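> Got a sequence here, can you build the structure:
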Amino acid sequence: MTALKTFRMKYGRLLSATAISLFILTGVSLILRFNDSEEFFNPLEIDDFVFDSDLLGVAMQQLFVPLTGLLILSLTPFFQNVIISKQPSKKDRSRLFGTLLLILIINLLATVWLNEDIDLGLTNGLLIVLVAAILGGWHIGLLFSLTATIFFIINHFILDQGIESLDHILIVINLAFSDLSVLVMIVSSVLIGVWSKISPQDLLIPNRLFLLGFLIEWISAWFFLLAYGDVDVLIEGLPGALLIGLALLLFGLLIQQVHGRETERRLTIAQTAQTQAELKALRAQINPHFLFNALSTIRYHARTKPETAYDLLDNLSDVFHSVLRSDATITLDEELDTVKAYLAIEKARLGERLSINWQIDSMINRELPIPTLSIQPLVENAIVHGIAPNAQGGTLTISARQEVGYAQISIKDDGCGFKPHAPEVTGHGIGLTNILQRMEAIYGAQYVPMIQSSPGKGTTITLKIPV
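Numbers count the residues shown, from 1 in each chain. This is a model prediction of the structure:
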């Protein structure tokens with residue numbers, strides 16, 4: 001599959017929706033233009049390019065409430081749980097979006113209290129709306145954008161002009177939803193929400209968030225220009241666009257900070273697990289049974305095939321060296337070398353009863369760092385508990401291939417197998433349980449090794465190592 005085809009499959013619908021949205025917004029702008037009898041373009045003079053510090057001050061004043069709210073929110077446990085958890089609890093999600101909604105309402109009320117134009121309030125409302133869409137998806141973004149729109153209707157029309165009749169209310173609603181700032185906010189909240197569900201890791205990049213915030217805020221000025229011919233609005237909209245971009249950039253940095261704290265926590269857990277793994281490795285990985293079998297095999301070949309015995313001793317030394325090393329990570333190539341050394345000893349011991357099938361993708365990065373002793377113990381379990389107990393022996397297949405964003409490594413045997421929902425982990429060394437714990441601690445729950453097994457048919461264990 002080519003990169004272009006993968007991109008189309010991943011983002012095709014989002015790009016199509018964006019194109020349709022831009023087409024609709026352009027259509028609305030042209031309709032508003034045809035209903036306007038004034039001159040299409042006002043002349044743009046050199047004085048229009050003078051940067052208005054008052055507009056910058058107003059925009060900074062307006063962003064004080066939402067930014068302060070986001071900073072406080074980022075320190076709460078439920079915010080961190082939603083960010084780092086693949087499937088956060090409904091309680092945490094409810095608390096997060098309830099707090100965001102409260103921040104949005106306080107922000108819009110502050111706009112009214114400061115007696116600023118409600119359009120400036122929507123600039124700030126847009127920040128919280130986009131944050132909600134990024135964290136909750138398009139339906140949450142739509143809910144927040146409609147909330148801001150309702151506030152727009154109540155404040156800008158009903159409170160200022162009063163309610164004269166039912167027809168007047170309908171006119172008010174129609175005017176609200178034909179306002180370009182409102183439409184851009186609603187459309188962008190849906191599109192960003194869709195993007196957040198498709199590929200959140202591609203969206204939550206600070207510089208990308210800055211660009212999105214800038215473009216989304218400034219694009220309404222371009223549609224305003226298309227509708228009313230007011231060129232000045234492009235210059236006047238720059239301060240707000242820059243600050244909304246910077247605000248989203250700050251939000252991206254807050255997300256990174258949360259992930260950083262979680263990474264530190266996982267590393268602490270991983271270091272503890274690594275220490276335990278080292279102790280178990282010293283006592284159990286090269287257990288008396290394996291050492292006895294290896295030495296017996298070497299002694300047998302020493303009589304008839306001295307060169308083979310020498311190679312087996314060299315392999316045994318490599319296995320010991322790998323097991324006793326204290327590094328938390330090694331390269332994929334180094335781990336595979338340890339596996340090859342171990343398999344050479346087992347092949348000499350089991351003979352024709354053990355068949356080995358290597359399927360290593362030539363495109364995979366062999367220098368990829370992986371946790372120490374993450375593949376060899378799984379290979380050992382497959383032989384000791386899957387293949388060796390079978391009188392006919394079996395085949396061990398070790399595959400590694402490069403996927404988008406991660407390397408996938410599988411250890412498959414056609415031996416005894418076990419019940420996958422309650423595997424009896426009795427393997428040597430750090431064992432399957434310890435590997436599961438270490439992978440989760442280092443990479444997160446989404447990278448816990450997947451186990452597929454059936455009694456009498458064999459076992460497949462799949463590891464995913466993020467790049």
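> my read: residue 389 touches residue 416, true?
Yes. With contact defined as C-beta atoms under 8 Å, residue 389 counts as touching residue 416 (5.5 Å). The way it works is simple: take the backbone N, C-alpha and C, and place the C-beta from them, glycine included.
> Can you pick out the residue with more neighbours from those two?
Between residue 389 and residue 416, residue 416 has the larger neighbour count (other C-beta atoms under 10 Å), namely 18 against 12.
> and residue 411, that one's in a strand?
Yes. Counting by DSSP: H, G, I helix; E, B strand; the rest coil, residue 411 is located in a strand.
> From residue 437, how far off is the nearest residue to it once chain neighbours are set aside?
Nearest-residue entry for residue 411: residue 378, 4.6 Å, with adjacent residues in sequence omitted and distances by C-beta to C-beta, 6 or more residues apart in numbering. Separation of residue 378 from residue 437 (C-beta to C-beta, to the nearest Å): 14 Å.
> So those two - more neighbours on which side?
Counted by other C-beta under 10 Å, residue 378 and residue 437 do not tie: residue 378 has more neighbours, with 25 against 19.
> So which elements touch the host helix or strand of the more buried one?
Using DSSP states H and E, residue 378 sits within helix 376-381. For helix 376-381, the packing partners by 3 or more C-beta pairs under 8 Å, 6 or more residues apart in numbering; DSSP states H and E come out as helix 332-350, helix 431-443.
> what do you get if the cut-off is 6 Å, keeping everything else the same?
Applying 3 or more C-beta pairs under 6 Å, 6 or more residues apart in numbering; DSSP states H and E, we find helix 376-381 packed against helix 332-350.
> quick one: secondary structure of residue 460?
Counting by three-state DSSP, the backbone at residue 460 sits in strand.
> Same question for residue 395.
Residue 395 ends up strand, using three-state DSSP.
> So it is in contact with residue 354, correct?
No. Using C-beta atoms under 6 Å, residue 395 is not in contact with residue 354, being 8.1 Å away.
> Tell me which of the two has more neighbours.
Ranked by neighbour count (other C-beta under 10 Å), residue 395 and residue 354 place residue 354 first, with 19 against 14.
> what are the phi and psi angles of residue 204?
Main-chain dihedrals, residue 204, degrees, to the nearest 10: phi -80, psi 50.
> That one: neighbouring residues, count only.
Neighbours around residue 204, by other C-beta under 10 Å: 18.
> quick one: pLDDT of it?
With respect to pLDDT, residue 204 scores 80.
> Then the one 10 residues further on?
At residue 214 the predicted local confidence, pLDDT, stands at 86.
> Would you agree it is in contact with residue 241?
Yes. Under the criterion of C-beta under 6 Å, residue 214 makes contact with residue 241 at 4.8 Å.
> Next up, identify which helix or strand residue 144 is on.
Assigned by DSSP H and E, residue 144 falls in helix 138-152.
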